[in-house]
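Novice: Predicted coordinates and the sequence they were generated for:
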Amino acid sequence: MGCFAFKSGKGRSRSQPAAGAKTPPPAKSPPASDSSGGGGGKRSKASSASASTPTRSIQELSEERGAQRLRVFDLDELGSATNGFSRALKVGEGGFGSVYRAFFRSAGGGRVVLAVKRLNQRSLQGHKQWLAEVQFLGVLEHPNLVKLIGYCAVDSEAGKHRLLVYEFMPNKSLDDHLFNRSHPPLSWRLRLQIMIGAAWGLDYLHEGVPEVQVIYRDFKASNILLDAEFKPKLSDFGLAREGPTEGKTHVSTAVVGTHGYAAPDYIETGHLTAKSDVWSFGVVLYEILTGRRSLERSRPAEEQKLLAWVRRHPPDSAGFRAIMDPRLGGRYPLAAARDVARLADRCLGKNPKERPAMRDVVEELERVLQMEPPPPPADKKGGDGRTPPSAKR
């Protein structure tokens with residue numbers, strides 16, 4: 001994304017490097033990525049094959065493209081946009097730091113709302129993850145990935161300031177809508193649409209960038225953000241890694257990620273592949289079926305670990321309905337739910353090589369989405385009691 005002018009309070013409207021920030025050199029415009037139809041469309045086998053033999057590193061691509069796509073913000077400008085990083089504008093908090101709603105004025109005078117993530121200065125891994133996000137999201141571009149607008153890097157006597165500026169996602173995350181009872185329950189159809197979009201995002205990372213394969217390494221419901229129309233976008237690329245180079249089957253790396261979502265083969269060996277992301281996707285498929293997190297300490301001992309619990313109610317069993325989210329109120333096609341569970345089991349296969357590619361996952365979920373829903377109960381609105389938006393990929 002090219003640089004553009006913003007005004008925020010008394011902040012400068014010109015885009016210029018913050019102190020301590022290194023701006024990548026300008027380069028020729030890269031080929032536009034295919035984002036038609038929200039999912040990237042069909043790719044030829046030849047283009048998929050090229051993605052499996054990376055020819056460039058993310059750092060090289062970032063140095064070429066980052067200057068064109070990302071804006072360098074001033075620290076004062078971001079402070080003004082967030083009212084001094086006011087607690088009233090804080091919308092999220094995690095190990096990295098805090099996320100704020102930020103208000104800017106566009107060059108045309110209109111108001112623009114963005115999200116500003118501010119690095120916790122006490123975070124030991126924070127700078128490394130900040131840099132990874134700048135590099136990966138300065139290169140990657142897809143309708144199902146959150147858009148990074150720019151960044152700020154300032155070193156001063158007060159400390160090192162590292163910030164990221166993203167498009168704002170008003171409907172928070174899939175995690176919020178599945179597990180926070182203050183939100184109305186998501187309908188069956190909308191759950192599938194969200195997972196289809198997320199699957200398209202992973203497919204793009206694994207197969208859609210000709211020069212390099214990307215392994216997300218932190219797929220979970222809280223990292224699936226939802227825009228105003230509930231279109232899903234993957235966020236938080238601080239743990240992303242480049243996939244194996246030509247002639248290698250995996251990347252050997254220290255094990256990081258979120259407990260309950262990391263593939264057991266990756267935990268045991270440190271061998272990272274795209275199929276590690278597929279395993280994590282299988283966990284979230286079971287979360288949308290059950291309305292339960294992968295690990296819930298508050299439940300009885302035999303139900304605390306989601307995957308162990310659902311194994312006692314396999315897709316073809318008479319007791320399968322017992323795992324379904326009661327907030328769905330039975331408003332889902334049982335055959336479709338069984339098929340989603342079967343797909344989740346394939347994603348959770350012990351042998352990584354036997355797990356499906358994300359393109360196959362997309363196709364199966366789109367097939368399931370077309371299965372006829374049951375008739376709505378009398379005197380009730382369909383689905384979840386509200387008319388869900390037409391969630392695009």
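Specialist: Looks like it came in fine.

Novice: sec struct for Gly109, please.
Specialist: The three-state label given to Gly109 by DSSP: H, G, I helix; E, B strand; the rest coil is coil.

Novice: so what's it up against?
Specialist: Under the criterion of Cβ atoms under 8 Å, 6 or more residues apart in numbering, Gly109 has no contact partners. For the C-beta atoms, the positions are set from N, CA and C on the backbone; glycine is no exception.

Novice: And it, how far from Ala102?
Specialist: Distance of Gly109 to Ala102, computed by Cβ to Cβ, to the nearest Å: 17 Å.

Novice: Reduced to three states, what does Ala284 come out as?
Specialist: I think there's a mix-up here, since residue 284 is Val and not Ala. Under three-state DSSP, Val284 comes out as helix.

Novice: Now do the contacts for it.
Specialist: For Val284, the contact set (Cβ under 8 Å, 6+ apart) comprises 174, 195, 198, 219-221, 224, 261.

Novice: What sits closest to Gln121 if chain neighbours are left out?
Specialist: What sits nearest to Gln121 in space, not counting adjacent residues and going by Cβ to Cβ, 6 or more residues apart in numbering, is Gly159, at 5.0 Å.

Novice: Look up how far Gly126 lies from that neighbour.
Specialist: Gly159 sits 11 Å away from Gly126, going by Cβ to Cβ.

Novice: Compare these two and say which is more crowded by neighbours.
Specialist: Legend: neighbour count by other Cβ atoms under 10 Å for Gly159 and Gly126, higher for Gly126 (19 against 11).

Novice: Now the more buried one. Nearest residue, chain neighbours left out?
Specialist: Distances taken as Cβ to Cβ, 6+ apart place Leu119 nearest to Gly126, at 4.6 Å, with adjacent residues excluded.

Novice: re the thing from before, beta partners of the residue nearest to Gln121?
Specialist: Applying DSSP bridges to Gly159 gives these bridge partners: Ser156.

Novice: what about the stretch 251-393 of the chain, any weak spots by pLDDT?
Specialist: The stretch 251-393 of the chain contains residues with pLDDT under 70 at 252, 254, 373-393.

Novice: can you pull out the strands in it?
Specialist: Applying DSSP state E, counting those that start in this stretch to the stretch 251-393 of the chain gives strands spanning 251-252, 271-272.

Novice: Pick the most deeply packed of the ones you listed.
Specialist: Compared across the strands of the stretch 251-393 of the chain, strand 271-272 shows the largest average neighbour count, a mean of 22 (mean count of other Cβ atoms under 10 Å).

Novice: strand partners of that strand, parallel vs antiparallel please.
Specialist: In the sheet, strand 271-272 lines up with strand 251-252 (antiparallel) (DSSP bridges).
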